[in-house]
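Participant: A structural model of the following input is requested.
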Amino acid sequence: QVQLVESGGGLVQPGGSLRLSCAASGFTLGYYAIGWFRQAPGKEREGVSCISRNGTTYYADSVKGRFTISRDNAKNTEYLQMNKMKPEDTAIYYCGAGWLCTAVAGAYEHWGQGIQVTVSS
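Facilitator: The predicted model follows:
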């Protein structure tokens with residue numbers, strides 16, 4: 001059974017850090033492009049970052065220089081390190097697996113259940 005499970009979310013103060021994990025089971029994560037998306041209340045799901053099958057990384061302008069995406073093939077897990085966090089980073093974060101990195105959420109075949117990230121003092 002193909003499954004993606006996010007973890008590591010929670011409450012953090014502005015300027016703080018969190019590391020999200022996306023653990024894959026039922027398939028080899030490294031064979032896919034893995035994207036992170038987020039959805040805030042009343043807003044559409046937006047692309048945050050992606051790592052392609054060959055390891056190329058992409059970031060939305062809003063997180064560039066603050067977030068870092070990485071992959072651990074041995075653990076079949078991908079990570080999103082989030083630093084210098086801002087209140088506008090508050091959202092439910094999802095990881096998705098697809099063939100190519102794209103900001104189009106519909107292009108991803110498999111999704112995790114999502115995890116809440118709240119940035120607030």
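Participant: Find the residue at the geometric middle of the protein.
Facilitator: In the chain, the C-alpha nearest the mean C-alpha coordinate belongs to residue 36, at 2.7 Å (Cα atoms, centre = their mean).
Participant: what bridges to it?
Facilitator: Each beta-bridge partner of residue 36 is listed here, defined by DSSP bridges: residue 49, residue 95.
Participant: Would you mind measuring from it to residue 77?
Facilitator: Residue 36 sits 13 Å away from residue 77 when distances are taken as Cβ to Cβ, to the nearest Å. Every residue, glycine included, has its C-beta placed from N, CA and C.
Participant: Pull up the overlap in contacts between those two.
Facilitator: Taking Cβ atoms under 8 Å, 6 or more residues apart in numbering as the contact definition, residue 36 and residue 77 share the neighbouring residues residue 22.
Participant: Find the nearest non-adjacent residue to residue 40, please.
Facilitator: In space, residue 40 comes closest to residue 91 once its chain neighbours are excluded; the distance is 4.2 Å by Cβ to Cβ, 6 or more residues apart in numbering.
Participant: residue contacts, that neighbour?
Facilitator: Shown here is residue 91, whose contacts under the criterion Cβ under 8 Å, 6+ apart are 38-40, 43, 117.
Participant: Tell me the bridge partners for it.
Facilitator: Applying DSSP bridges to residue 91 yields these beta-bridge partners: residue 117.
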